[in-house]
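Enquirer: Return atomic coordinates for the entry below.
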Amino acid sequence: MERPERDAAFMARAVELARSGHGGTSPNPVVGCVVLDAAGQVAGEGFHAYAGGPHAEVVALAQAGERARGGTAYVTLEPCDHTGRTGPCSGALLAAGVARVVIAVSDPNPKAAGGAARLRSHGVAVTTGVLAEAAERVNEEWLTYARLGRSHVTWKFAATLDGRSAAADGTSQWITSPQARADVHRMRAAADAIVAGIGTVLADDPRLTARPGPSPSEDRPDGPGGVPGAGAGGRRVPVRVVVDPDARTPQSARVLDDQAPTLVAVADDADTGLKADLLRLPRHDDGLDLRALLSELAAREVVSVFLEGGPTLAGSFVRQGLVDRVVAYVAPALLGSGRSALGEAGVRTIGELHRLRFDEISPIGPDVRLIARPATHPGREK
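Expert: Have a look, this model is predicted:
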């Protein structure tokens, strides 16, 4: 029997469990599952921890054992119905004798979808759409990747209260506090790729690495073509991507060191002898085809991109509608002049504003972290 308030409570717990896998499951989704016994008591819980590992349903069912028979399973994403590195979760639920399955979000991947239909065809009661918005939010990177065929983009910047990211002489270290910078490294480490433009590489010579310590996934193998993998000590390492249309990256640049894999995205007509893993892309009047970049990265199983660097590249991403989330670290300081955080973004009049919605406002040391998303999100189902 459906009880909306009870269903929402257990699904909220499943969403919380799914969040535990964030940063470790790519290119797979984050998923959480709660299994109740026939009496309605929690018998098992689980989440998908790393790609190739057991799915959330399998973990929760193993914990529940025989208590799952006649019970209910709450899962944040439709149970898969295919055999990949693991077997189909729909089959595992059927074998466990679960009587009812509650699903938050349908699986958009045609290779894995169909679990709900299989369960129904075997007499299992299926309810869908419970706490869908919360489940979408926790899995937004993968859902964008699966639905749009491109990497999900988080644009991060740090600025003063008056929106300046550097002083008039170009200095920018450090606008924000050590606490804010540590939080940035945590967010970097959860991404599959860190992207910056050639202007940032030439001006700052950054390494574009993450230094937060071990991530949730420590056994993910390296993949081909600069796919993020395991680095020193088993730590998962995001791939570094330099957007460099004319191949101006110096061979001595720190972004080309051996601390992480690196892709240099250049125009398909660029003449270069640069010794690096080059990704050739079409050139447009205002730079490289960024949508093609994100599609190529997705083909390399890069689900999430953390966009850093200067205002020019950020403006290009915003102008083309390719920013899915904005993370701003704002310091209680004023400059009055200097570089703005965002460059030309295609806005000619006030009616063309890029409208966002705040989702989180949090103190980080003396600073404030703001998280916002476009008011109309192309990677989210209506």
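Enquirer: For residue 8, give me phi and psi.
Expert: Summarising the backbone geometry of residue 8 under the convention degrees, to the nearest 10, its torsions are phi -60, psi -40.
Enquirer: For the spatially closest residue to it that is not a sequence neighbour, list the residues it contacts.
Expert: Distance criterion CB to CB, 6 or more residues apart in numbering; nearest residue to residue 8, sequence neighbours excluded, is residue 131 at 5.6 Å. (Glycine included, C-beta is placed from N, CA and C.) Taking CB atoms under 8 Å, 6 or more residues apart in numbering as the definition of contact, the neighbours of residue 131 are 8, 11-12, 15, 104.
Enquirer: Could you save the residues you listed as JSON lines and add columns showing distance to residue 244, pLDDT and secondary structure?
Expert: Conversion of the contacts of residue 131 to JSON lines gives the following (distance: CB to CB, whole Å; pLDDT from 0 to 100; DSSP: H, G, I helix; E, B strand; the rest coil):
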{"residue": "8", "distance to residue 244": "48", "pLDDT": "95", "secondary structure": "helix"}
{"residue": "11", "distance to residue 244": "45", "pLDDT": "97", "secondary structure": "helix"}
{"residue": "12", "distance to residue 244": "44", "pLDDT": "96", "secondary structure": "helix"}
{"residue": "15", "distance to residue 244": "39", "pLDDT": "97", "secondary structure": "helix"}
{"residue": "104", "distance to residue 244": "41", "pLDDT": "97", "secondary structure": "strand"}
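Enquirer: What is the nearest of the residues you listed to residue 254?
Expert: Nearest to residue 254 out of those is residue 15 (CB to CB; 38.9 Å).
Enquirer: What sits closest to the closest one if chain neighbours are left out?
Expert: Take residue 15 and drop its neighbours on the chain: the residue closest to it by CB to CB, 6+ apart is residue 134, 4.9 Å away.
Enquirer: mind checking the SS state of that neighbour?
Expert: helix (DSSP: H, G, I helix; E, B strand; the rest coil).
Enquirer: and it, how many residues sit next to it?
Expert: 20 (other CB atoms under 10 Å).
Enquirer: For it, list the residues it contacts.
Expert: When the contact criterion is CB under 8 Å, 6+ apart, the partners of residue 134 are 11-12, 15, 104.
Enquirer: go again using 10 Å as the cut-off
Expert: Neighbour list for residue 134: 8, 11-12, 14-16, 18-19, 76, 104-105 [criterion: CB atoms under 10 Å, 6 or more residues apart in numbering].
Enquirer: Give me the buried subset of these.
Expert: Burial of those was assessed by neighbour count (16 or more other CB atoms under 10 Å); the buried members are 11-12, 14-16, 18-19, 76, 104-105.
Enquirer: Nearest to residue 340, out of those: which one, please.
Expert: Nearest to residue 340 among the buried ones among the contacts of residue 134 is residue 19, at 33.5 Å by CB to CB.
Enquirer: which residues touch that closest one?
Expert: Remark: with contacts taken as CB under 10 Å, 6+ apart, residue 19 is in contact with 30, 32, 47, 76, 134, 137-139.
Enquirer: And the pLDDT for it?
Expert: The score at residue 19 is 94. That number is its pLDDT.
Enquirer: Give me the below-cutoff pLDDT ranges for this structure.
Expert: Along the chain, the parts satisfying pLDDT under 70 run over 1-2, 84-86, 212-236, 377-382.
Enquirer: How are the helices of it distributed by residue range?
Expert: Across the chain, reading from the start of the chain, the helices by DSSP state H fall at 4-19, 56-64, 89-96, 115-121, 132-138, 140-148, 178-189, 198-204, 290-299, 311-319.
Enquirer: Reformat the ones you listed as TSV; add distance to residue 339.
Expert: TSV is the format used below for the helices of the chain (distance: least, CB to CB, whole Å):
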stretch	distance to residue 339
helix 4-19	35
helix 56-64	44
helix 89-96	49
helix 115-121	50
helix 132-138	32
helix 140-148	29
helix 178-189	18
helix 198-204	10
helix 290-299	21
helix 311-319	6
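Enquirer: Nearest to residue 172, out of these?
Expert: Comparison of the helices of the chain against residue 172 by CB to CB identifies helix 198-204 as nearest, at 8.0 Å.
Enquirer: which strands and helices sit next to that closest one?
Expert: Applying 3 or more CB pairs under 10 Å, 6 or more residues apart in numbering; DSSP states H and E, one finds that helix 198-204 makes contact with strand 239-243, strand 262-267, helix 311-319.
Enquirer: residues in contact with residue 91?
Expert: Contacts of residue 91 were listed using CB under 10 Å, 6+ apart, and they are 79-81, 83, 115, 118-119, 122.
Enquirer: quick one: it from residue 114, how far?
Expert: 11 Å (CB to CB, to the nearest Å).
Enquirer: Now do the shared contacts for the two.
Expert: Shared between the contact lists of residue 91 and residue 114 (criterion: CB under 10 Å, 6+ apart) are residues 79-81.
Enquirer: Domains in the chain, by residue range?
Expert: The record assigns the chain these domain ranges, following automatic domain parsing: 4-138, 141-374.
Enquirer: and those domains, which is most packed in?
Expert: With neighbours defined by mean count of other CB atoms under 10 Å, none of the domains of the chain is more surrounded on average than domain 4-138, at a mean of 20.
Enquirer: how long is that domain end to end?
Expert: Terminal residues of domain 4-138 lie 21 Å apart, using CA to CA, to the nearest Å.
Enquirer: is it true that residue 133 touches residue 104?
Expert: Yes: counting by CB atoms under 10 Å, residue 133 touches residue 104, with 8.8 Å between them.
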